[in-house]
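Chemist: I need the structure of the sequence given here:
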Amino acid sequence: MKRLILATLIVMGAFMTTVTAQTWNDSIRDRDMNRDRDRDRDTVQTSDHKEFMRKAAESGLAEVQMGKLAQSKGYSQSVKNYGSMMERDHSKANQTLQTLAGKKSYTLPKKTSDSMQQTYDRLSKKTGEDFDKAFIDQMVKDHRDVIDLFEKEIKNGNDPEVKTWATQILPTLKQHLQHALDIQQELNRAKKK
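Modeler: Numbering: from 1, shown residues only. Have a look, this model is predicted:
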C-alpha cells in the first residue's frame, strides 16, 4: 500500500512539474507574442502616418504647381483666381506639414509623384477654353481623391498630431472642391450658350 501511495505521489509530482513547466512556457510564449504584436503595431503606426504625410506632401506640391499653371494659362478669370487660391492655400498647408514632419524627424518629398507630373505636363499643353475645362475637371477629381485620403487619416490614423493637422486642412480642401465644382458648372453653362 505504501508503495502504491509513493508511486502515486511520484506520478502526481511529475505531472505537476510538467503542467507547471508548460504553463511557464505558455506564459513566456504569450509575452513574446504580445511584444512582437506591439512592435508590429508600432511599425504600422509609424508607416501609417509617414505614408499619409508623403502623399499629402506630394499632393500639396502638385496643387501649388497646378495653381501657378492655372494663373499663367487660364482662359477665364475664374480659373486664374482659382489657381491663385490654390497656390496660396496649398503653400501654407505645405509649410505647416513641413513643420510637423520636422518634429517627427521625417523628411518629406521635394517633388510631386511621377503620375502627378504627367498630369501637369498633359495640362500644360492645352490652351484657352480647352485648358480651363481640363484643368477644372482635374481639380474636381484630385480634390475628391485628397479629401478621401484626409478623411481616412482622420478616421483611422494613429498619430494624434497628424490627425489634428489633417482635421485642420480638410475644410480648405472641401472649399477648393466646392469652388472647382462651381467653376465646372459655370464652364458647362458657357459652353451650352
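Chemist: all strands in the chain, in order from the N-terminus.
Modeler: Ranges of strands within the chain: none, based on DSSP state E.
Chemist: Check the residue positioned nearest the centre of it and give its pLDDT.
Modeler: The chain has residue 52 as the residue nearest its centroid, 2.5 Å off, counting by C-alpha atoms, centre = their mean. What the model reports as pLDDT for residue 52 is 95.
Chemist: Now for it: which residues touch it?
Modeler: 149, 153, 157, 162, 166 (C-beta atoms under 8 Å, 6 or more residues apart in numbering). Backbone N, C-alpha and C define where each C-beta goes, glycine included.
Chemist: Pipe those residues into a markdown table and attach pLDDT and distance to residue 88 per row.
Modeler: As requested, the contacts of residue 52 are exported to a markdown table (pLDDT from 0 to 100; distance: C-beta to C-beta, whole Å):
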| residue | pLDDT | distance to residue 88 |
| --- | --- | --- |
| 149 | 96 | 21 |
| 153 | 96 | 23 |
| 157 | 92 | 26 |
| 162 | 95 | 23 |
| 166 | 97 | 20 |
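Chemist: I'd like to know which of those are part of helices.
Modeler: Mapping the contacts of residue 52 onto helices (DSSP state H) picks out 149, 153, 162, 166.
Chemist: Residue ranges in the protein under the pLDDT threshold?
Modeler: Across the chain, residues meeting the criterion (pLDDT under 70) sit at 1-47, 193.
Chemist: Could you pull out the helices in it for me?
Modeler: Going by DSSP H, the chain shows helices at 2-73, 77-103, 114-124, 128-156, 160-192.
Chemist: Pull out the buried residues from the second one.
Modeler: Read it as helix 77-103. Within helix 77-103, the residues that count as buried by 16 or more other C-beta atoms under 10 Å are 78-80, 82-83, 85-87, 89-90, 93-94, 97, 100-101.
Chemist: Could you do the shortest one as well?
Modeler: Residues of helix 114-124 classed as buried by neighbour count (16+ other C-beta under 10 Å): 116, 119-120, 123.
Chemist: can you check the last one too?
Modeler: Within helix 160-192, the residues that qualify as buried are 162-163, 165-166, 169-170, 173, 176-177, 179-180, 183-184, 187, counting by 16+ other C-beta under 10 Å.
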